[in-house]
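In: No letters, just coordinates:
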């Protein structure tokens, strides 16, 4: 019985992984591709991990499988957000039929992406010709 | 189809089909990595390939009965995430408009 459940979970997981890959290939712009990739991919990997949980059934494997799944659940949205933000600032084009760009004008791109030491204005006590640190 | 050695049980047949599906997915995503068109597309593709490699490792662990392989999946998920973060920072901070 456990084997049947595991087989079903495994096939379902592989199906969702395939769906996410199809989305990544067929969707028209980067943000839609990430939309397909992140969610369906995480669900697929999670289902495969659930299958492993049913096959082995020991405490050690259960703990590790749940750990990997929680880790994926935490990191996939964070990674997608960071990458999507970077891509938006980098000027990756939206699909031509996109109706609303909700982020338009919300960010000063130059300020948001320039490293802090470069964009920070010199303070009142700063001397421009002084060496930077005690080591130099 | 003899993708997996040993007697054909429900589990090995299902694992064989699943592995095939995941392999097809990796090939599809690799097409996206090659075609781009932008650097974030490629980074997203590599991130997805990492996720699919985690699936492959877990399926291999199921087929071979080696529970230790799940540890490798943990490590791979971690490294893949860190790689994506590093690439995203690089894309965000690089000089724009000069070399594109």
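Out: Cool, the structure landed. Please read these numbers as outputs of a predicted model, since none were measured by experiment.
In: how deep is residue A:35 tucked in, by neighbour count?
Out: 16 (other Cβ atoms under 10 Å in any protein chain shown). Backbone N, C-alpha and C define where each C-beta goes, glycine included.
In: How about residue A:94?
Out: So residue A:94, with other Cβ under 10 Å, has 17 neighbours.
In: Without its sequence neighbours, what residue ends up closest to it?
Out: Leaving out its chain neighbours, the residue that sits closest to residue A:94 by Cβ to Cβ, 6 or more residues apart in numbering or on different chains is residue A:29, at 5.6 Å.
In: helices or strands next to the host helix or strand of residue A:10 in the packing?
Out: Element membership of residue A:10 [criterion: DSSP states H and E] is helix A:2-26. Contact here means 3 or more Cβ pairs under 8 Å, 6 or more residues apart in numbering or on different chains; DSSP states H and E; on that basis helix A:2-26 packs against helix A:30-56, helix B:10-35, helix B:39-64.
In: circling back to that earlier point, hang on, the residue nearest to residue A:94 packs against residue A:97?
Out: No: Residue A:29 is beyond contact range of residue A:97, at 9.6 Å (criterion: Cβ atoms under 8 Å).
In: higher neighbour count, those two?
Out: Between residue A:29 and residue A:97, counted using other Cβ under 10 Å, residue A:29 has the larger neighbour count: 19 against 7.
In: Pull the contacting residues for residue A:58.
Out: Going by Cβ atoms under 8 Å, 6 or more residues apart in numbering or on different chains, residue A:58 touches residue B:67.
In: So it versus residue B:94, what's the distance?
Out: Distance check for residue A:58 against residue B:94: by Cβ to Cβ, to the nearest Å, it reads 47 Å.
In: cool, residue B:83 as well?
Out: Separation of residue B:83 from residue B:94 (Cβ to Cβ): 16 Å.
In: Now for the closest residue to residue A:42 other than its chain neighbours: which residues touch it?
Out: Leaving aside its sequence neighbours, residue A:42 sits nearest to residue A:76 (Cβ to Cβ, 6+ apart; 4.5 Å). Contact analysis of residue A:76 by Cβ under 8 Å, 6+ apart lists A:38, A:39, A:41, A:42, B:51.
In: Need the pLDDT of the last one.
Out: Which is residue B:51. With respect to pLDDT, residue B:51 scores 91.
In: Residue A:75 versus the residue nearest to it when sequence neighbours are not counted, what's the distance?
Out: Excluding the flanking residues, the one nearest residue B:51 by Cβ to Cβ, 6+ apart is residue A:41, at 4.8 Å. Distance from residue A:41 to residue A:75, counting by Cβ to Cβ: 12 Å.
In: quick one: which of those two has more around it?
Out: Neighbour tally, residue A:41 and residue A:75, criterion other Cβ under 10 Å: the higher count belongs to residue A:41, 29 against 20.
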